[in-house]
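> missing the sequence, but the structure's below:
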């Protein structure tokens, strides 16, 4: 369980790396909008890339509940199992 | 903490924009003299950013119809259609719209924004899925927030991506509703409607097309991209506005589907707002009558769009992907865009500055729109002004001596003071 969550978290950070300045520190507790300075459209584009990576659909209304990388990882884990 | 603390980023942006004079997001017109000319800070400017595509805002027949109805029926309806009733003009305009599109029914909304809000939020219920283009207008995004459905974005103008995403739903219950636009207002590109209609047929989805920027502009009869692409039979709902090609304000939705009129008692943005005043209904009706029997305005605005697009492309400006009456110039960065916009206004040309996150791909854009009443000379004058500023700011190179006539700014007079 924990291992799977870690794996999802690593993949999230891999996708994110292409959208933020190199060297930006990112951890499970990083707040996606506030700490990384991504605007609303950039976050939606990020989610679109994650949909491709995990071959899932992430409805926009679920994004509004997500603040940190950990939240996102948990949401994706639930959708992958769905 | 102030309740406005959450807007601190916006406050800083506005302060930055205001530092060097005119704030592009807060232009005050002293006067609008015609569809192509206004006064800003006491100076005449050519209007190249109004979305007034057919130039009907000063049409004599529209004005006469509005004035007549203003005297006959008063200034407003003072309430909604379900409370204060439907006026003869509302019903007649809905019939006229349905006939214009060759469809069974039309609903009139008080704004184009509310047309999207009302139609989409009412149609998309729990268990349904809305598939919206990633570059959708804010009214479509806001409609999604008001609906109970799950919202999925597909890559801009990518029918294969749409099909792939609908496929991921597998056997999930509920309706699939695709939302796309005719002409996209930021870059002026059109949706690949034939391909999207094919996805709609293959997946059993419903299809909504927002023709806000394409009604009156595309199609030989002015019915928009659906007509131009030959897919009108595949489109379940067309949404549009009266505030662009028809020169007034308000919005509408049309459909052939039985049950469509149920939305009159289900779509909250239709039910709980005042209906349009009879005078506005009258001007819209006159404008619709004009475009129903006169295709020349649509031809003219398309030709004008092509002239502006071609002139700017030849000058070396990076533009949106297609020549249409919306012509977007891509700026290298936000600061250049702001400075370019200000210098252009000083040169006597007004257009729109569009900045992220309102733009696709985080682009800073100078968004211009032509209308049917712009003369060739006025368009060439705008191109010349853009070239002067573009060279000054290093956005384009100085044109070579053998450039086309429109590339020789010194030969093109600015509008007389």
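Structure's in. What do you need? Just so it is clear, the structure is predicted and the values come from calculations on it, not from any experiment.

> so residue B:343 sits right up against residue B:387, yeah?
No: assessed by C-beta atoms under 8 Å, residue B:343 is found out of contact with residue B:387, at 11.9 Å. C-betas here are computed from N, CA, C, even on glycine.

> Please enumerate residues in contact with the helix or strand encompassing residue B:288?
Using DSSP states H and E, residue B:288 sits in helix B:278-293. The contact list for helix B:278-293 (C-beta atoms under 8 Å, 6 or more residues apart in numbering or on different chains) reads B:54, B:56, B:59, B:61-70, B:72-75, B:77, B:87, B:89-90, B:92-93, B:96-97, B:100, B:108, B:216, B:221-222, B:242, B:245-250, B:276, B:297-298.

> Same check on stretch B:94-104?
B:105-108, B:223, B:232, B:238, B:252, B:254-258, B:260, B:285, B:288-289, B:292.

> out of these, which are buried?
By neighbour count, with 16 or more other C-beta atoms under 10 Å in any protein chain shown, the contacts of stretch B:94-104 hold B:105-108, B:223, B:232, B:238, B:252, B:254-256, B:260, B:285, B:288 as buried.

> what's around the closest residue to residue A:71 other than its chain neighbours, how many residues?
Using C-beta to C-beta, 6 or more residues apart in numbering or on different chains and skipping residues adjacent in sequence, the residue nearest residue A:71 is residue A:65, 7.1 Å away. As a burial measure, residue A:65 scores 10 neighbours (other C-beta atoms under 10 Å in any protein chain shown).

> And the closest residue to residue B:383 other than its chain neighbours, how close does it get to residue B:124?
Excluding its sequence neighbours, the residue lying closest to residue B:383 (C-beta to C-beta, 6+ apart) is residue B:311, at 3.9 Å. Between residue B:311 and residue B:124 the distance, using C-beta to C-beta, to the nearest Å, works out to 42 Å.

> higher neighbour count, those two?
Set side by side, residue B:311 and residue B:124 show more neighbours around residue B:124, with 26 against 22, by other C-beta under 10 Å.

> what's near enough to touch that one?
Here residue B:124 is in contact with B:130, B:144, B:147-149, B:175, B:177 (C-beta under 8 Å, 6+ apart).

> What is the nearest of these to residue A:38?
residue B:144 (19.8 Å; C-beta to C-beta).

> next structured bit after the worst-scoring helix or strand of chain A on mean pLDDT?
Lowest mean confidence among the helices and strands of chain A (mean pLDDT, DSSP states H and E): helix A:2-17, at a mean of 78. Following helix A:2-17 in sequence order, the next helix or strand is helix A:32-36 (DSSP H and E).

> pLDDT averaged over the following helix or strand past that following helix - what is it?
Later in the chain than helix A:32-36, the nearest helix or strand by DSSP H and E is helix A:40-54. The average of the pLDDT scores along helix A:40-54 is 92.

> can you pull the buried residues of the helix or strand just after helix A:40-54?
Later in the chain than helix A:40-54, the nearest helix or strand by DSSP H and E is helix A:60-63. For helix A:60-63, burial by neighbour count (16+ other C-beta under 10 Å) applies to A:60, A:62-63.

> what's the average pLDDT for the helix or strand immediately after helix A:60-63 in the chain?
Downstream of helix A:60-63, the first helix or strand assigned by DSSP H and E is helix A:69-81. For helix A:69-81, mean pLDDT rounds to 91.

> Give the other helices and strands that helix A:69-81 contacts.
helix A:2-17, helix A:40-54 (3 or more C-beta pairs under 8 Å, 6 or more residues apart in numbering or on different chains; DSSP states H and E).

> at 6 Å instead, please
Helix A:69-81 sits against helix A:2-17, with contacts defined as 3 or more C-beta pairs under 6 Å, 6 or more residues apart in numbering or on different chains; DSSP states H and E.

> Would you check how far apart residue A:7 and chain B are?
Remark: distance between residue A:7 and chain B (C-beta to the nearest C-beta, to the nearest Å) = 21 Å.

> Can you give me the neighbour number for that residue?
A count of nearby residues for residue A:7, using other C-beta under 10 Å, gives 12.

> The one 5 residues further on too?
Other residues within reach of residue A:12 by the criterion other C-beta under 10 Å amount to 23.

> quick one, what contacts residue B:378?
Residue B:378 makes contacts with residue B:46, as judged by C-beta atoms under 6 Å, 6 or more residues apart in numbering or on different chains.

> so what's it scoring on pLDDT?
98.

> What are the phi and psi values at it?
phi -70, psi -40 (degrees, to the nearest 10).

> ditto for residue B:31
Backbone torsions of residue B:31, given as degrees, to the nearest 10, read phi -160, psi 140.

> For it, give me its contacts.
Residue B:31 neighbours (C-beta under 6 Å, 6+ apart): residue B:39.

> Bridged to it, which residues?
Taking DSSP bridges as the rule, residue B:31 bridges to residue B:39.

> what's the answer for residue B:206, then?
With DSSP bridges as the rule, residue B:206 is bridged to residue B:177.

> Quick check: it touching residue B:235?
No: with contact defined as C-beta atoms under 6 Å, residue B:206 does not reach residue B:235; the gap is 9.4 Å.

> So those two - more neighbours on which side?
Taking other C-beta under 10 Å, residue B:206 and residue B:235 do not tie; residue B:235 has more neighbours (28 against 20).

> does that one really touch residue B:209, like I thought?
Yes: using C-beta under 6 Å, residue B:235 makes contact with residue B:209 at a distance of 5.2 Å.

> returning to what we had before: so which of residue B:343 and residue B:387 has more stuff around it?
In terms of neighbours (other C-beta under 10 Å), residue B:387 is the more surrounded of residue B:343 and residue B:387; the figures are 26 against 17.

> helix or strand for the more buried one, which one?
Assigned by DSSP H and E, residue B:387 falls in helix B:376-392.

> separation between the residue nearest to residue A:71 and residue B:152?
Counting by C-beta to C-beta, the gap from residue A:65 to residue B:152 is 16 Å.

> With residue B:139 instead?
Counting by C-beta to C-beta, the gap from residue B:139 to residue B:152 is 18 Å.

> Chain A against chain B: which residues are in contact?
Neighbours of chain B within chain A, by C-beta under 6 Å from any C-beta of the partner chain: A:39-41, A:57, A:59-60.

> The least confident helix or strand of chain A - contacts with which helices or strands?
helix A:40-54, helix A:69-81.

> would you list those helices in JSON lines and tack on mean neighbour count?
Output for the helices and strands packed on helix A:2-17, formatted as JSON lines (neighbours: other C-beta atoms under 10 Å in any protein chain shown):
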{"stretch": "helix A:40-54", "mean neighbour count": "18"}
{"stretch": "helix A:69-81", "mean neighbour count": "17"}
